[in-house]
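Q: Okay, predicted coordinates and the sequence, questions at the end:
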Amino acid sequence: MKISVVTPSFNQGGFLELTMQSVLNQGYPDLEYIVIDGGSSDNSVEVMRKYQSSLAYWVSEKDRGETEAINKGLKRVTGDIWCYLCSDDTLAAGTLARVVEAFHRTNADVVYGNCNFITSAGLVSRVKRPGPFDRTRLLKGNYLYQPSVFLRRSVLDKYGFFDESLHYAMDYEYWLRASQSMRFAYVDEVLSNYRLHLNSKSMSAVTRMMNEARSVQKRYGAGGRADWTYFMFILWGRHYYGLKRSLFDKLAH
């Protein structure tokens, strides 16, 4: 099975090479790797040029943000399986082979697994295990870890691209959209590493991210429950993330 990986990037030259190496060093024989850069002003272009012989396509040009960059890459994919991997995250060793085995074994449309949360230096801070799929649980909150989610081409053919009006919860909306008819299968193995650092969205824009997730939940029928969840976050959750950000500030210095 051919696997297509899309990496959207913007001014992540400090992490981009590690991300690209984690994909290219998988040793998977039928890989299509696409990198879409939003016109970075750092060393990102030099990194992409360094690996261009191993890339199916790369470009560095201004775009309207990460969601458009992902869709630009997806419009070029030809693989049987696809995923996107942000330019500060990495795949775990051997992930692509394990994912293909899982698709064959489960005959699912979407395969997802565990995810390491890592620091800027790459140290594992915790392992997130989402567990078996439950759409009712998903509607209450996004418990799938995006870099550990892989989808068949048939999902893209049926449900199209990510919603470019969304900037934080586009993956969550896509999981809810696809789960209306597609079968999800859980693999109890670490498939990726999600890097938490001061400039990552989950650290720098958590309130906007939660508000956008609320709008997605209401779109799919969560109603007042979504408002209540957001209210509780505003009341308590953002203080937790504020403390978390303070800790990262201290660690960074």
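A: Perfect, I can see it now. Numbers count the residues shown, from 1 in each chain.
Q: C-alpha only now, for contacts and for neighbours.
A: Will do.
Q: Quick check: closest non-adjacent residue to the residue most central in space within the chain.
A: Nearest residue to the geometric centre of the chain (CA atoms, centre = their mean): Gln146, 3.3 Å. Among residues not flanking Gln146 along the chain, Asp171 sits closest, at 6.9 Å (CA to CA, 6 or more residues apart in numbering).
Q: and if you look at Ile36?
A: Pro8 (4.8 Å).
Q: Next, count neighbours for that neighbour.
A: 26 (other CA atoms under 10 Å).
Q: Equivalent analysis for Arg64, please.
A: If you count neighbours by other CA under 10 Å, Arg64 ends up with 10.
Q: does it sit in a helix, a strand or a coil?
A: Under DSSP: H, G, I helix; E, B strand; the rest coil, Arg64 falls in the coil class.
Q: so how far is Ser54 from it?
A: Distance of Arg64 to Ser54, computed by CA to CA, to the nearest Å: 26 Å.
Q: Over to the residue nearest to Gln146: give its phi and psi.
A: When read as degrees, to the nearest 10, the backbone of Asp171 gives phi -70, psi -40.
Q: my guess is it meets Pro147, correct?
A: No - counting by CA atoms under 8 Å, Asp171 stays clear of Pro147, with 10.1 Å between them.
Q: Let me see the ranges of the strands in the stretch 101-250 of the chain.
A: 110-118, 124-128, 149-152, 184-195 (DSSP state E, counting those that start in this stretch).
Q: can I get these in CSV with mean neighbour count and distance to Asp163?
A: Supplementary listing: these in CSV, determined by neighbours: other CA atoms under 10 Å; distance: least, CA to CA, whole Å:
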stretch, mean neighbour count, distance to Asp163
strand 110-118, 24, 19
strand 124-128, 14, 26
strand 149-152, 23, 17
strand 184-195, 22, 20
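Q: For Ala213, find the nearest of those strands.
A: Nearest of the strands of the stretch 101-250 of the chain to Ala213, taken as CA to CA: strand 149-152 at 18.0 Å.
Q: Touching that closest one from outside, list them.
A: 80-83, 99, 109-113 (CA atoms under 8 Å, 6 or more residues apart in numbering).
Q: For the stretch 51-200 of the chain, give me the ranges with low pLDDT.
A: Along the stretch 51-200 of the chain, the model assigns pLDDT under 70 to residues 197-200.
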